Every structure is written in structure tokens, then in C-alpha cells.
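Participant: With the sequence up front, the predicted model follows.
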Amino acid sequence: MEALYHQTNKQVHEVQSYMGRLETSDKQSVHLVENEIQARIDNIFSNLERLEILSSKEPPNKRQNAKLRVDQLKYDVQHLQTALRNFQHRRYIREQQERQREELLARTFTTNGTHKKILDVANMLGLSNTVMRLIEKRAFQDKYFMIGGMILTCVIMFLVVQYLT
């Protein structure tokens with residue numbers, strides 16, 4: 001049992017060092033490192049099953065200590081498994097965000113197409129080009145009226161707060 005325990009403990013430490021390599025590996029080799037870590041974790045779990053059986057066969061005075069050591073190894077391996085899953089999840093989220101970013105960058109946003117469609121709809125409704133120009137001119141002037149009204153409202157609110165409080 002001691003030899004298997006020390007071998008399994010050594011494998012746990014190796015997996016911990018592989019986890020450090022996982023953070024620094026490039027995109028191409030990250031899958032290989034993940035698969036290697038998962039294979040080692042599976043091997044450790046099979047060793048732990050054998051260790052549990054062997055610890056139950058220990059003499060009564062050593063049994064409690066042996067089970068405690070096996071439980072500690074199992075706890076460590078479960079944390080390694082969770083850390084691997086978290087890393088895989090973060091990598092998946094990062095790759096998904098990169099794909100979405102690339103899709104957004106590949107998209108072309110144009111306002112000219114929308115403006116042209118509005119003009120086409122207006123022409124279908126029978127509005128002439130002069131009427132359309134008047135509407136556009138009015139929209140341009142209305143923008144200045146709106147900005148002026150917002151500034152005037154802010155000035156009035158400032159004066160009310162300044163003199164009435």
C-alpha cells in the first residue's frame with residue numbers, strides 16, 4: 001500500500017505541475033495538455049480505488065490513518081479535476097467571445113442603405129424629391145431646437161436650485 005500511495009502522491013504533484021504548464025501553453029497545444037492531465041487524473045482515480053480497498057485491509061491500528069491519507073489524496077485530486085474544468089470553461093468562454101468579436105468586426109454597418117430604403121419608401125408613397133429635402137432640412141433644424149431646449153431646461157433647473165434652496 002505504501003508504494004502505491006507514494007506513486008499516487010507523486011502523480012498528484014505531477015498533475016499540479018502540468019496545471020501550471022496549462023496556463024502558459026499556446027492555443028495549439030492546450031488541448032494536448034488538457035488530455036494528458038485528464039488521463040493522469042483518471043489514472044489517479046483508479047489508483048485511489050485500489051488504495052481504498054487496500055486501506056480497508058490494513059490492521060485496525062493503522063486503518064484510520066491509511067483511510068485519512070487516501071481521503072486527503074482524493075480531496076486533492078477532486079480539486080485538480082475542478083481546476084481543470086474551470087480552466088476549460090474559461091477557455092471555452094474566451095474562444096466564444098473571440099468568435100463573436102470576429103463576427104462583429106466582419107459585419108458592415110451602413111446608414112446609407114437605411115437612408116436609401118427610406119427614400120424608396122417615400123417615393124413609393126408619392127412624395128417628391130423636394131418634399132423629401134424639406135423634411136430632411138426640417139429634421140436638421142429640429143435637432144438644433146432640441147439641443148437648445150435641453151440647454152435652456154438645464155439653465156432653468158440650475159437657477160431654480162441656486163435661488164430657491
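Facilitator: Now that the structure is in, tell me what you want to look at. Numbers count the residues shown, from 1 in each chain.

Participant: nearest spatial neighbour of residue 38, skipping sequence neighbours?
Facilitator: residue 84 (6.8 Å; CB to CB, 6 or more residues apart in numbering). Heads up, the C-betas are built off the backbone N, CA and C, glycines and all.

Participant: Identify the residues contacting that neighbour.
Facilitator: The neighbours of residue 84, taking CB atoms under 8 Å, 6 or more residues apart in numbering as the test, are 19, 22, 34, 37, 38, 41.

Participant: From residue 59, how far off is it?
Facilitator: Residue 84 sits 36 Å away from residue 59, going by CB to CB, to the nearest Å.

Participant: repeat for residue 139
Facilitator: 92 Å.

Participant: What of residue 26?
Facilitator: Using CB to CB, residue 26 is found at 51 Å from residue 59.

Participant: And residue 140, by the same measure?
Facilitator: Distance from residue 140 to residue 59, by CB to CB: 94 Å.

Participant: Run through the strands of this structure in chain order.
Facilitator: Along the chain, counting by DSSP state E, no stretch forms strands.
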